[in-house]
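Asks: Quick one: sequence and predicted model below, then my questions.
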Amino acid sequence: MRHRTFLKIAGFGIMLTAFSPEAATAVEKDRSPNVIFLLADDLGYGDTGFNGNKIIKTPHLDAMAEEGIRFTRFYSIGPVCAPTRASSLTGRHYMRLGMMDVNVGKLPKQEITLAKVCKANGYATGHFGKWHLGTLSKTESPRHKDPAKDFAPPWERDYDDALATEISVPTWNPASGAHKKHDSPYWHNGNKVTENLEGDDSRVIMDRAIPFIEKAVAADQPFMTTIWFHTPHSPVVAGPEYLKMYEEYTEGQQHYYGCITAMDEQIGRLRAELKRLGVDKNTILWFGSDNGPEGGGRPKPKYDAYHGAFYGKAGNFRGRKRSLYNGGVCVPALAVWPGTIDKGQTLQVPSSTLDYLPTVCELIGSEQPQDRPIDGESLVPILLGKAKERHTYIPFASTIKTSQLALIKGDYKLFTMPASAQGDELYHLHDDPAEANNLIEEHPERAQSMKADLKIWVESCRKSFEGKDYPEPYEQQGTFLKVE
């Protein structure tokens, strides 16, 4: 067995889940598992076959649901892109880092990420696709006003190999220049990419991810990779063969449905490669989305194609992207680990992207960071059927459009807008996932208790935001949530 090293970090942080020797024994194999995180961009809860969509063809994702775990209450944490990505890598709410919105700030170098933990434990680390956690060049950026100040590429955040764009790109012919607002070059380890950028963007990404995996397997080295698709974020564009699959629908629908099917094909390609390489049974594969679907309603006909993203479905949830109601943050999610995770499970336990880092730490036998607050908890006991509930609450905060706060504790969710005259709201998510029946008057004491928990957590985040978690100097960024 490969000798396991540990990331030693002194101190103590709140909301930490300790490493469990029992769980380690349960997942023990000849070597630590490979880990792959697949992330769609703006994919709604109702946009996949495994969540009930009858139109969009997602056979490979549906197969994953049959062969592993389908999460019905998995939360992106952020209602928009960059915040979720920051939390996915760190296990910490993005408010602690100052990354409250998109195109603002960068992933602080002081953060301990999935890549840092895995690299310290002998893993090859790779990132492929959208980044959105800082600029990729010190001299040019499609969105950031000061590229040098916000420079934070994945190859300087503990990734051995990285092909990335700073922001979203068209989902077909990503370098064509057809959508000027979304001209975001691909960079590979610091060098601008000009080759093999034609056709489906999900294929462009997977063409680089698979060689990274092949190289790690050939070197007999475990690997961790984040594969972050641009699909189905606008500009939503599908190629001719995918448009033809949906020719009975409007042009915008054809593009939206088609690009999702194209992404699904690349996920199937990845799974076939893992099997061919003989590592599928020692690889845990995660799938999720960074937030709910883009805005609602049907666009005017002349804008139909460009605004195809508006056809995304949030299932029966309230709200969409930018909202902390379920439609904005409860996303399609799966986990597959052949031979270790039981097939065909549907998991209703609340969980989130904050849980990725604690889970990986436990899977590979590494201590969690102990000098800073971690907001997630390890899902290993739940994945292996050793536990049926989580021990920590799931916190939410956002300044998108207006200040919003929420907290999930067990089956209940508290929602509040501090700067608004709108009263607090309390929902029982198991009985009312659509958040239609406000129970605040029936359970005032529960709501008060949850609000007290939320207040304590916000103050903890404020200390983090001010740089109190880091021993070295920290350049504060963003604006902290205003709470009256």
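Replies: Nice, I can see it.
Asks: which SS class is the nearest residue to Tyr94 once chain neighbours are set aside?
Replies: Leaving out its chain neighbours, the residue that sits closest to Tyr94 by Cβ to Cβ, 6 or more residues apart in numbering is Pro83, at 3.9 Å. For every residue, glycine as well, the C-beta is placed using N, CA and C. When classified by DSSP: H, G, I helix; E, B strand; the rest coil, Pro83 comes out as helix.
Asks: Contact partners for Pro83?
Replies: Taking Cβ atoms under 8 Å, 6 or more residues apart in numbering, we find Pro83 in contact with Ile77, Tyr94, Met99, Met100, Asp101, Val102, Ser398.
Asks: what do you get if the cut-off is 10 Å, keeping everything else the same?
Replies: Residues counted as contacts of Pro83 (Cβ atoms under 10 Å, 6 or more residues apart in numbering) are 76-77, 93-95, 97, 99-102, 104, 132-133, 290-291, 353, 397-400.
Asks: Grab the CA positions of stretch 426-441 and hand them over as PDB.
Replies: Provided in PDB are the C-alpha atoms of stretch 426-441 (Å, rounded to 0.1, in the frame of the first residue of the first chain):
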ATOM      1  CA  LEU A 426     -39.000  28.800   7.700                       C
ATOM      2  CA  TYR A 427     -39.500  25.700   5.500                       C
ATOM      3  CA  HIS A 428     -39.600  22.000   6.100                       C
ATOM      4  CA  LEU A 429     -37.700  20.900   3.000                       C
ATOM      5  CA  HIS A 430     -38.600  17.200   3.200                       C
ATOM      6  CA  ASP A 431     -42.300  17.900   3.100                       C
ATOM      7  CA  ASP A 432     -42.100  21.200   1.200                       C
ATOM      8  CA  PRO A 433     -39.000  21.200  -1.200                       C
ATOM      9  CA  ALA A 434     -40.800  23.900  -3.300                       C
ATOM     10  CA  GLU A 435     -40.600  26.300  -0.200                       C
ATOM     11  CA  ALA A 436     -44.300  27.200  -0.600                       C
ATOM     12  CA  ASN A 437     -45.500  26.900   3.000                       C
ATOM     13  CA  ASN A 438     -43.800  29.400   5.400                       C
ATOM     14  CA  LEU A 439     -43.900  27.800   8.900                       C
ATOM     15  CA  ILE A 440     -42.400  30.800  10.800                       C
ATOM     16  CA  GLU A 441     -45.500  31.300  12.900                       C
END
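Asks: which residues touch that stretch?
Replies: 45, 72-73, 314-319, 325-327, 330, 348, 350, 406, 408, 410-416, 423-425, 442-444, 446-447, 450-451.
Asks: After the strand or helix carrying Asp62, which helix or strand is next? Please name it.
Replies: In this structure, Asp62 sits in helix 59-67 according to DSSP states H and E. Going down the chain from helix 59-67, the next helix or strand is strand 69-71, by DSSP H and E.
Asks: Note down every partner strand of that following strand and its orientation.
Replies: Strand 69-71 has the following sheet partners, assigned by DSSP bridges: strand 333-336 (antiparallel), strand 345-347 (parallel).
Asks: quick one on the thing from earlier: where's the residue nearest to Tyr94 relative to Asn189, distance?
Replies: Distance check for Pro83 against Asn189: by Cβ to Cβ, to the nearest Å, it reads 26 Å.
Asks: Please apply the same query to Ile205.
Replies: Distance of Ile205 to Asn189, given as Cβ to Cβ: 15 Å.
Asks: Of those two, which one has the most company?
Replies: More crowded of Ile205 and Asn189, by other Cβ atoms under 10 Å: Ile205, with 25 against 14.
Asks: The nearest residue to that one once chain neighbours are set aside is in what secondary structure piece?
Replies: For Ile205, ignoring the flanking residues on the chain, the nearest one in space by Cβ to Cβ, 6+ apart is Gly129 at 4.6 Å. Element membership for Gly129 (DSSP H and E) is strand 124-130.
Asks: continuing past that strand, what's the next helix or strand?
Replies: strand 161-165.
Asks: quick one on the thing from earlier: CA-only coordinates of the helix holding Asp62 in CSV, if you can.
Replies: Provided in CSV are the C-alpha atoms of helix 59-67 (Å, rounded to 0.1, in the frame of the first residue of the first chain):
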residue,chain,number,x,y,z
PRO,A,59,-27.9,8.7,-20.9
HIS,A,60,-24.4,8.6,-19.4
LEU,A,61,-25.4,10.7,-16.4
ASP,A,62,-28.5,8.6,-16.0
ALA,A,63,-26.3,5.5,-15.9
MET,A,64,-24.2,7.1,-13.2
ALA,A,65,-27.4,7.6,-11.2
GLU,A,66,-28.2,3.9,-11.6
GLU,A,67,-24.7,2.8,-10.6
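Asks: on that earlier part again, mind checking which of the contacts of stretch 426-441 are in helices?
Replies: Residues of the contacts of stretch 426-441 located in helices (DSSP state H): Asn326, Gly327, Pro444, Arg446, Ala447, Met450, Lys451.
Asks: Please produce JSON lines containing the residues you listed, extended by neighbour count.
Replies: Shown next, in JSON lines, are the ones in helices among the contacts of stretch 426-441 (neighbours: other Cβ atoms under 10 Å):
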{"residue": "Asn326", "neighbour count": "28"}
{"residue": "Gly327", "neighbour count": "29"}
{"residue": "Pro444", "neighbour count": "12"}
{"residue": "Arg446", "neighbour count": "16"}
{"residue": "Ala447", "neighbour count": "20"}
{"residue": "Met450", "neighbour count": "23"}
{"residue": "Lys451", "neighbour count": "16"}
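Asks: Closest to His144 out of these?
Replies: Gly327 (29.1 Å; Cβ to Cβ).
Asks: so who does the closest one touch?
Replies: Applying Cβ under 10 Å, 6+ apart, the residues near Gly327 are 44-46, 79, 291-293, 296, 312-321, 434-435.
Asks: Spatially central residue in the chain, please.
Replies: Closest residue to the average C-alpha location of the chain: Asp290 at 4.5 Å, with Cα atoms, centre = their mean.
Asks: ok, that one touching Ser76?
Replies: Yes: the pair Asp290 and Ser76 qualifies as a contact (Cβ atoms under 10 Å) at a distance of 5.5 Å.
Asks: list the residues that contact both of the two?
Replies: Leu39, Leu43, Pro83, Thr84, Arg85, Ser87, Ser88, Lys321, Val329, Val331, Thr353.
Asks: Next step: these restricted to strands.
Replies: Leu39 (DSSP state E).
Asks: Mind putting the shared contacts of Asp290 and Ser76 into JSON lines with distance to Gln253?
Replies: Output for the shared contacts of Asp290 and Ser76, formatted as JSON lines (distance: Cβ to Cβ, whole Å):
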{"residue": "Leu39", "distance to Gln253": "23"}
{"residue": "Leu43", "distance to Gln253": "15"}
{"residue": "Pro83", "distance to Gln253": "29"}
{"residue": "Thr84", "distance to Gln253": "26"}
{"residue": "Arg85", "distance to Gln253": "28"}
{"residue": "Ser87", "distance to Gln253": "32"}
{"residue": "Ser88", "distance to Gln253": "29"}
{"residue": "Lys321", "distance to Gln253": "18"}
{"residue": "Val329", "distance to Gln253": "25"}
{"residue": "Val331", "distance to Gln253": "21"}
{"residue": "Thr353", "distance to Gln253": "29"}
